[in-house]
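> Pasting the sequence and the predicted coordinates here, then a few questions.
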Amino acid sequence: MSPQELQDGLAVSGGQYLTNHAGAISRLRSCLSELRGTPSTALTDAQGEGSCDSELRGLLANIFSALLVERDRNLSSLRARLLDGDISPSSPDYHDFPETYHHELRWNIWKLYGRIVLGILPPMICLINGLPLEILERIFGFTNRPSIGRDAGSLKITYVAQTWDASSHLPLRMVCKYWSHSVLGLPVVWSRMIQGFGDDWTRQALQRSRNCDLSIELDHRHFSRSMYGHHLLDSAQLILAHAPRFHLLVLNDLTWDALAQVTSSLGNVVMSRLATLAIIGQGHETRLPEHVFASVPPPVLRAFTAVNCRLYPACPVFRARLTRLILVRCEIWTSLDDMLDTLQDLPTLAHFDWRPSLSYALEGGRFLSATRHQSAVPLPHLRHVVLECPAGSFGAILQQLSLPAHCHIRVLDVHSMSGDHLHDPRVIEDVVHALDISVGVHCSRFHLPSRGSGIYSLALIDLMAFGPGTNAVLVHGSTTPDLPSDHLEHQSHIPDAFTFTIALCAPDSMAVNGERETVTLHDDIIRRVMEHILAWSSLRRTVRKLVTNYAALDLPQMWRPILLLVPQLVELHLGYSSISNDSSIVRGLAAALLADMNVVPSLRRVVLGPLAFLDADDRDELVDALARRHSSCGYPSLVVVLVNPEEWMEDDEIRELQTLIDAANVGRVEVEA
């Protein structure tokens, strides 16, 4: 039968044609049921004469046409093509979808599925007419609240991810009258429609969401701009009129005059439901006034984030029971005593992140000592501390805080080793002294006489969250085998553990004789810092796991002082260095082990990878060093672990390493995915 005859037959009688071609429909079902995420749909059930409209007949005609010309009558190859690839088209262009689906039949089957399930169907054939209201509510329950800087429009619900915007519940309202009435009467659905759908929908959503909590983000798009400055749009003013319902409020990328208009609207409003507040300003003139929120602390406010703002300690947000406080490039305290006054009023604080601007942090040494506070401020719930400031400042601050034993401390100094101070030995001594009185003191709480106390894991990494470089020292430590993430923004407190991250950075480049030159920290600086940290009582003779990818360790003289300070070392992990881009770190370790066979006598596990590759000469030197240690000192056998070797080794290279280890009789090789 030709496609034209097929079209003609459908045009005459849709229902009769479905009956006459039940075999073809059965074959279609067998394909449809195997598509991921697609249930089998009985197309002939509950369908009377004339129930197929022209669009549905066209889809069926296209599908049957493809089936009729299919040479494989058992549909085995067709089924493979239908299931091949991702079910979501990667192209946003509607006309490219058939090509994206790799097969026209597959595209038409998906269109048919969408037409049956989500289309505007008569009530007698609505496949989901009796869906309980509780299920309808769950459909929208997965939508997350907006995070800081996230477009509120990205919360619209879509049926096919990364395809087109089939937003929210609008198509579902048209499935049947039951759903339409249900959606109109479900406030939680409408609370997600406040922003991103136009002013008309904003008004309707504010009304139909009744008294539900609202998550709101305002940015520059909510203002008109003229020669006189920024002016709030009517839609934004309409939203701000419902401020008492705000549960989350993000004021993102606002100028000082724009923020002033928002805070003016909120000046006399008591925010009784506000749990999260974030303000990201465009400059330091952006201010949060003291009188905001009618000078009443929001009773349930728990998280406050401010970026590029001028703040006042008397602001009501600092009198709330905050558990999370993040201040980035903000001006608020004039001295360390002022900071401690604020923190003393926040006894429930669990996360504190302070990253001042360079000029603010260094001005007059304001954060180097406290005069009013003679004893440490107790913060028993503080589990995550981030201080990105000069070493002298974070040393003084941590001295004045009484923290729980199990917490995470991250200190980052991008100021001290800059300019003429880069290679000044006195500066390095000041930095390690600041580490001693801050992180070192807290580590000492775990130096107990019992076996197994102290810092268990240590890492020396050359890759930071903002990119690789030889201008930084990054050290992680943990009382457990688990270490903090190398991506600083992804770090979090590990339960029942004390962890720390120390980052000392120099500028990427410096002006020398009128030209920019790349900055590299000298190996002696790295070694000085590492030796000093490893000499702490809580680390000396307690570190059992060492992880490193630092390129400078390609030199045996860099390895030896480190290995001498970790005599209890059991695991040694060598990873990929983005700087050297080779396996020279393996060669450096091998030379260090041969130079002194008595170091790390407890070593039982050497983990390699992922690496850029493993040079055959470097591999042979490592095997030789392990073999000589084993035969000369009688050390027990060990395990060489290859992590994701398929990324950096061929199969024959893995087998060759296994053969060498077996021949040397020093242990075995394991592969870890």
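The structure has been received and is ready for your questions.

> From now on I want contacts and neighbour counts done on CA atoms only, so please keep to that.
Noted.

> surely Asp213 meets Leu249?
No: the criterion here is Cα atoms under 8 Å, and Asp213 misses it with Leu249 at 11.0 Å.

> Mind listing what's buried along stretch 433-451?
By neighbour count with 16 or more other Cα atoms under 10 Å, stretch 433-451 contains the buried residues 433-444, 446-447.

> and Pro313, which of the three is it?
coil (DSSP: H, G, I helix; E, B strand; the rest coil).

> Does it touch Leu343 like I think?
No: contact criterion Cα under 8 Å: Pro313 and Leu343 do not qualify, at 10.2 Å.

> In helices, which of the buried residues of stretch 433-451 appear?
In helices, judged by DSSP state H, the following of the buried residues of stretch 433-451 are found: His433, Ala434, Leu435, Val441, His442, Cys443.

> which ones are touching the fifth one?
It refers to His442. With contact taken as Cα atoms under 8 Å, 6 or more residues apart in numbering, His442 is in contact with Ala405.

> how does it look with 10 Å?
Each residue near His442 by Cα atoms under 10 Å, 6 or more residues apart in numbering is listed here: 398-399, 402-407, 409, 436, 498, 500, 538.

> neighbour-wise, which of Pro313 and Leu343 wins?
Per other Cα atoms under 10 Å, whichever of Pro313 and Leu343 has more neighbours is Leu343, with 19 against 15.

> and Ala663, how many neighbours does it have?
12.

> What residues of the longest helix that the chain contains count as buried?
Using DSSP H to define each element, the chain has its longest helix at helix 616-633. Using 16+ other Cα under 10 Å as the burial criterion, the residues of helix 616-633 that qualify are 618-630.

> Distance across stretch 283-300, terminal residue to terminal residue?
28 Å (Cα to Cα, to the nearest Å).

> What residues of that stretch count as buried?
Quick answer for stretch 283-300 (16+ other Cα under 10 Å): 283-284, 286-293, 295-300.

> which one of the residues you listed sits closest to Pro390?
Nearest to Pro390 among the buried residues of stretch 283-300: His284, at 20.5 Å, using Cα to Cα.

> hmm, back to that, what subset of the contacts of His442 is buried?
Buried members of those, counted by 16+ other Cα under 10 Å: Leu398, Gln399, Leu403, Ala405, His406, Cys407, Ile409, Asp436, Phe498, Phe500, Ser538.

> How about the contacts made by the second one?
Think Gln399. For Gln399, the contact set (Cα under 10 Å, 6+ apart) comprises Ser369, Ala370, Ser375, Ala376, Val377, Ser393, Ala434, Ile437, Ser438, Val439, Val441, His442.

> what's the neighbour count on the third one?
Going back to what we said before, that points to Ser375. Neighbours of Ser375 (other Cα under 10 Å): 11.

> was I right about it contacting Ile397?
No: if you go by Cα atoms under 10 Å, Ser375 and Ile397 don't touch, sitting 12.0 Å apart.

> Tell me where the stretch 401-550 of the chain has helices.
In the stretch 401-550 of the chain, the helices defined using DSSP state H, counting those that start in this stretch lie at 425-435, 441-443, 523-534.

> Tell me which of the ones you listed is the most buried.
Ranked by mean neighbour count, these are led by helix 441-443 with a mean of 21 (mean count of other Cα atoms under 10 Å).

> and the spatially closest residue to Asn549 that is not a sequence neighbour, what does it touch?
For Asn549, ignoring the flanking residues on the chain, the nearest one in space by Cα to Cα, 6 or more residues apart in numbering is Gly575 at 4.7 Å. By Cα under 10 Å, 6+ apart, the contact set of Gly575 is 461, 547-551, 583, 585-586, 607-612, 643.

> can you pull the pLDDT of Gly575?
Looking at Gly575, its pLDDT stands at 89.

> Where does pLDDT dip in the stretch 551-673 of the chain?
The model of the stretch 551-673 of the chain has pLDDT under 70 over residues 578-579.

> Domain parsing of the chain, as residue ranges.
The chain breaks down into these domains under automatic domain parsing: 3-125, 133-193, 359-543, 544-673.

> Asp338 sits in which helix or strand?
helix 336-344 (DSSP states H and E).

> Need the residues that contact that helix.
In contact with helix 336-344 (Cα under 10 Å, 6+ apart) are residues 313-314, 318-319, 325, 332-333, 346, 349, 352, 365-373, 376-379, 393, 396-397, 400-401.

> can you pull the buried residues of it?
Buried residues in helix 336-344 (16+ other Cα under 10 Å): Leu336, Asp337, Asp338, Met339, Leu340, Leu343, Gln344.

> Out of these, which is nearest to Glu672?
Leu343 (45.5 Å).

> Which pLDDT value goes with that closest one?
So Leu343 comes in at 97 (pLDDT).

> and it, how far is that from Asp337?
10 Å.

> How many residues are close by Leu642?
21.

> Now for this structure: which strand has the highest residue count?
strand 246-254 (DSSP state E).

> Would you mark the buried spots in the helix or strand just after that one?
Per DSSP H and E, strand 246-254 leads on to helix 256-265 as the next helix or strand towards the C-terminus. For helix 256-265, the neighbour count (16+ other Cα under 10 Å) marks Trp256, Ala258, Leu259, Ala260, Val262, Thr263, Ser265 as buried.

> same deal with stretch 267-277?
Of the residues in stretch 267-277, Gly267, Val269, Val270, Met271, Ser272, Arg273, Leu274, Ala275, Thr276, Leu277 count as buried by neighbour count, 16+ other Cα under 10 Å.

> Give the helix, strand or coil label for the third one.
Using three-state DSSP, the secondary structure recorded for Val270 is coil.

> shouldn't it be in contact with Phe293?
Yes: taking contacts as Cα under 10 Å, Val270 lies within contact range of Phe293: 5.2 Å.

> Name the residues contacting each of these two.
Among the neighbours of Val270, those also in contact with Phe293 (Cα under 10 Å, 6+ apart) are Ala243, Pro244.

> Kind regards, and thank you for your time.
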